[in-house]
Each structure stands twice: as structure tokens, then as C-alpha cells.
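Student: Got a predicted structure plus its sequence, pasted below:
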Amino acid sequence: MKPYELTYIISSAITADQAQVKAKNIESLIQDKEGMILSSEKLSPMTLAYSIKKQGSGFLGVLEFQLEPEYLGQLREKLQKDDKIIRHMIIIKSPVKIQKERRIRKKSLISKNTKIMPKEEKKADKKVELKEIEKELDEILSE
């Protein structure tokens, strides 16, 4: 059996209770064909982004199930013939692959020639006495 996901929209021309009954009928249809229901989301009313078959809203349902591929054609045919289901889509669910963690390469922001100084030395370099600056200036100017 292959895993599938069915997403469908039921017409808003029927009540919410009738839509729930329609969803249960779809589930029983799958189970009649020896399928297994893996998960089922509760029908949710929604406004459509664009009208489908002159409908501006509907009930959205999502159903994950397993079914033999030979019965899938019959399921599609039943869904297409039902006039209360205005749109449906069945996709094959592929198993989720576990991906390995990628190692992140850290780019060196400091070039190889740059001397790294501890914080204490950096602070010491910043404080320079005025007398020392004057001595260095005198030496440079005397040359």
C-alpha cells in the first residue's frame, strides 16, 4: 500500500453537518477499498481566493491514507462524480528522508598576517602618556 494525501473542497451550498457526513462518506469509501486512514483533519470553512464552479467559499478537508494503487482510479472517479465536492487533489506521499546535519564552514575574518592581541594588551596600547609622545616627536624632528 502506498501513502496518499487527499485534499478536497466541499461546496458551501450544504450545511456544516452535511459536510461532516460527506467527509465520513469519503473515509468509509477508502476503508471499503481495504485502505487505512492515517490522519484526518477536521473540516474547516474557508473563503476561496477565486471562485470554483461559481462557489466563493467551501469546506476544506485533508485526509492522509494508505491504499492499493489499483483502487485509486475508482476513488478518483467517485470524487469526480460527486457534485458536492467542487475540487479535489490526490498526491502520493513520499517517506520523509532524514537528512544529515550540514557542517558550517567558518570563514576566518582575520587574515593570517594579523597579530591577535589579548584584550589587556589592547587597553594598554590605547593609553599613551603625553611625555612619551613628545619624546618620540623630538626624536623624529631631530633626525
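Tutor: Cool, got the structure.

Student: the longest strand in this protein is where?
Tutor: Ordering each strand of the chain by length in residues (DSSP state E) puts strand 55-67 first.

Student: how near is the nearest residue in space to residue 93 that is not next to it in sequence to residue 24?
Tutor: Nearest residue to residue 93 in three dimensions, chain neighbours excluded: residue 3, at 4.1 Å (Cβ to Cβ, 6 or more residues apart in numbering). (Each C-beta comes from the backbone N, C-alpha and C, glycine too.) For residue 3, the distance to residue 24 (Cβ to Cβ, to the nearest Å) stands at 21 Å.

Student: any weak-confidence spans in this protein?
Tutor: 96-126 (pLDDT under 70).

Student: which residues in it form helices?
Tutor: Counting by DSSP state H, the segments of the chain that form helices are 16-32, 69-81, 119-126, 130-142.

Student: Look up the residues forming beta bridges with the residue nearest to residue 93.
Tutor: residue 66 (DSSP bridges).

Student: Now do the same contact list for it.
Tutor: 38, 64, 65, 66, 92, 93, 95 (Cβ atoms under 8 Å, 6 or more residues apart in numbering).

Student: sorry, back to before: for the longest strand of the chain, name the packing helices and strands.
Tutor: Judged by 3 or more Cβ pairs under 8 Å, 6 or more residues apart in numbering; DSSP states H and E, strand 55-67 is in contact with strand 2-11, helix 16-32, strand 36-40, strand 44-52, strand 85-92.

Student: Recalculate using a threshold of 10 Å.
Tutor: Packing partners of strand 55-67 (3 or more Cβ pairs under 10 Å, 6 or more residues apart in numbering; DSSP states H and E): strand 2-11, helix 16-32, strand 36-40, strand 44-52, helix 69-81, strand 85-92.

Student: Quick check, residue 72 in contact with residue 91.
Tutor: No. Between residue 72 and residue 91 there is no contact under Cβ atoms under 10 Å: 11.2 Å.

Student: Just give me the neighbour total for residue 75.
Tutor: 21 (other Cβ atoms under 10 Å).
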